[in-house]
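Asker: make a model of this:
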Amino acid sequence: HLAADAVDGDNIADDSINSEHYVDASIDHAHLANDCVDGDNIQDDVINSEHIAAGAVDLEHMSSQSVDEDNLHISNAGSNGQFLSKQSGNTGGLTWAPPKDLLHRNLVINGAMQVSQRGTSSSTDGYQTVDRWNWAKSNTDQAATLVEQTTNTPDGFKNSLKVDCTTAETTLDADETGILRYRIEGQDLQHLKTGTASAEPMTLSFWAKTNAANSGDTYSVCIIEGDISGNDRCQYRTFAPTSTWTRYTMSFVGQTNNVIRNDSDYGMSIHYVLAAGSSQVTSANTTWSSNTGLKGVTSQSNFFDSTSNEFFITGVQLEVGDTATDFEHRRYGDELARCQRYYFTLNNDTSTTYWFKPLSSGTYRRCQINFPTTMRATPTISNATGVNNGSGGTPTGAQNIDIDHADFHWNVTDTLHLVKLSTADFSAEI
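Answerer: Numbering: from 1, shown residues only. As a prediction, this is how the structure comes out:
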């Protein structure tokens with residue numbers, strides 16, 4: 001029988017009660033009063049990694065919401081505006097990341113396939129439908145295709161690019177290919193630090209699917225990094241899309257051999273190779289090899305072998321780092337402005353009138369078109385049409401063309417004639 005408070009801190013020698021004097025499991029929840037072990041009864045720093053067995057603190061031993069913003073302490077404070085982000089690799093740790101790591105991280109313009117200034121469907125190769133994307137068949141003598149902007153998409157997207165085989169070529173000649181290509185200016189890639197020991201890795205991610213007829217067929221991805229001296233470097237991968245929308249990710253180590261050119265010409269090309277003859281293929285690899293002009297991977301499928309074959313793609317993202325993040329969605333207006341650096345179509349809504357004005361000569365008219373954004377290079381002009389004194393036609397010519405504007409001129413036979421420009425296309429694609 002002990003008097004109240006007979007056993008307390010004043011009557012117990014230091015360290016006389018320790019783990020050597022406890023029967024295993026003799027101290028547990030059943031023998032502890034509520035709240036007897038809390039912050040007021042625990043000496044500062046007595047519970048640390050030295051006193052906790054490995055694995056003792058896990059989800060099974062933590063109550064719901066025991067780790068929240070009130071109970072979570074980060075030893076090093078981030079700067080204003082930073083947020084906790086998953087570290088690269090498989091460490092599972094967290095690191096402070098600045099907002100810029102998520103803003104503007106996608107190096108691909110129009111990866112969601114939402115801008116299509118030229119139109120939504122074309123059976124002609126080249127830049128024809130979805131902006132910034134070039135479809136090309138090379139050396140084919142039978143195959144025909146239709147490229148479209150569609151609304152068949154995975155959740156979270158409203159558009160995709162579709163390639164449809166409309167005329168089959170069941171057996172490919174050795175030099176035949178079918179490639180969907182995207183190019184990036186070299187000056188936009190300098191942060192990759194290519195050609196140095198600290199070259200950055202990068203990750204490509206995209207959503208793709210096929211029709212049932214070619215579900216599971218194997219296609220290739222070829223990335224080419226452009227050196228100004230022509231010493232390009234390549235990597236080759238494969239993927240096998242099915243008739244269900246699936247996201248694919250591919251990481252590429254930093255390229256330490258050659259420096260990407262630092263100008264407005266192409267510094268990188270991404271090729272989705274849907275068909276490649278026997279002389280156009282090589283082995284898949286995970287290191288940068290010299291560019292020999294090959295695009296496909298050995299034993300890949302032939303997209304042209306059936307008119308039932310279809311290929312869909314959207315959500316294309318290329319970013320610095322070895323981990324794919326969620327797709328960076330951009331507003332339509334922002335994406336359109338980026339696309340107009342490479343292609344601009346005048347009066348796409350047919351609602352604006354561009355009048356020619358008289359100059360010093362009474363029968364000479366000029367109309368200046370200022371581009372909505374500075375173009376990559378002096379553009380090539382096509383499809384210029386208008387109305388001269390009530391009759392449709394083509395302007396006499398264009399002059400003073402640069403990356404910011406173009407002047408059209410059109411002669412008239414009477415000083416009272418009205419002249420207007422209706423349409424024109426300006427292309428500075430890579």
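Asker: quickly list what residue 266 is bridged to.
Answerer: For residue 266, the beta-bridge partners under DSSP bridges are residue 185.
Asker: mind listing what it touches?
Answerer: 183-186, 226, 430 (Cβ atoms under 8 Å, 6 or more residues apart in numbering). Glycine gets a C-beta too; all of them are placed from N, C-alpha and C.
Asker: quick one: it from residue 273, how far?
Answerer: 17 Å (Cβ to Cβ, to the nearest Å).
Asker: which one of the contacts of residue 266 sits closest to residue 387?
Answerer: Closest to residue 387 out of these is residue 430 (33.9 Å), distances taken as Cβ to Cβ.
Asker: ok, the closest one touching residue 376?
Answerer: Yes: using Cβ atoms under 8 Å, residue 430 is in contact with residue 376, at 7.0 Å.
Asker: what touches both of the two?
Answerer: 185, 342.
Asker: tell me, what residue is most central in this protein?
Answerer: residue 317 (1.6 Å; Cα atoms, centre = their mean).
Asker: and that residue, bridged to which residues?
Answerer: residue 205.
Asker: got the contact list for it?
Answerer: 105-106, 108, 111, 204-206, 324-325, 327-328.
Asker: tell me how far it lies from residue 323.
Answerer: On the measure of Cβ to Cβ, residue 317 and residue 323 end up 12 Å apart.
Asker: for ChimeraX, write the selection for the buried entries among the contacts of residue 266.
Answerer: One line in ChimeraX is enough to select the buried ones among these; burial here means 16 or more other Cβ atoms under 10 Å:
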select :183,184,185,186,226,430
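Asker: I'd like the contacts of residue 266 as CSV, with pLDDT appended.
Answerer: Shown next, in CSV, are the contacts of residue 266 (pLDDT from 0 to 100):
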residue, pLDDT
183, 98
184, 98
185, 98
186, 97
226, 93
430, 95
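Asker: does residue 153 touch residue 327 like I think?
Answerer: No: applying Cβ under 8 Å as the test, residue 153 and residue 327 come out as separate, 11.7 Å apart.
Asker: look at the two and report which has more neighbours.
Answerer: residue 327 (22 against 18; other Cβ atoms under 10 Å).
Asker: the more buried one sits in which helix or strand?
Answerer: Using DSSP states H and E, residue 327 is not contained in any helix or strand.
Asker: same check on residue 248?
Answerer: strand 246-252.
Asker: then residue 292?
Answerer: Residue 292 belongs to no helix or strand, assigned by DSSP H and E.
Asker: now for it, how many residues are close by?
Answerer: For residue 292, the tally of surrounding residues (other Cβ under 10 Å) stands at 9.
Asker: tell me the contacts of it?
Answerer: 234, 282.
Asker: now swap in the one 5 residues further on and tell me
Answerer: Residue 297 makes contact with 218, 220, 236-238, 273, 276, 281-284 under the criterion Cβ under 8 Å, 6+ apart.
Asker: show me those residues that map onto strands.
Answerer: 220, 236-238, 273, 276, 281-282 (DSSP state E).
Asker: and the contacts of residue 297, which is closest to residue 346?
Answerer: Among the contacts of residue 297, and counting by Cβ to Cβ, the member closest to residue 346 is residue 273, at 34.5 Å.
Asker: surely the closest one and residue 223 touch.
Answerer: No: at 11.1 Å, residue 273 does not count as touching residue 223 under the criterion of Cβ under 8 Å.
Asker: which one of the two is surrounded by more residues?
Answerer: residue 273 (24 against 20).
Asker: what distance do you get for the more buried one to residue 94?
Answerer: Residue 273 is 38 Å from residue 94, by Cβ to Cβ.
Asker: residue 254: how many residues sit nearby?
Answerer: Residue 254 has 18 neighbours, counted by other Cβ under 10 Å.
Asker: poorly predicted segments of the stretch 251-400 of the chain, please.
Answerer: Along the stretch 251-400 of the chain, the parts satisfying pLDDT under 70 run over 348-350, 361.
Asker: where do the strands sit along it?
Answerer: 266-276, 281-282, 289-290, 296-297, 310-320, 343-346, 354-355, 357-358, 364-370, 380-388, 391-393, 397-399 (DSSP state E, counting those that start in this stretch).
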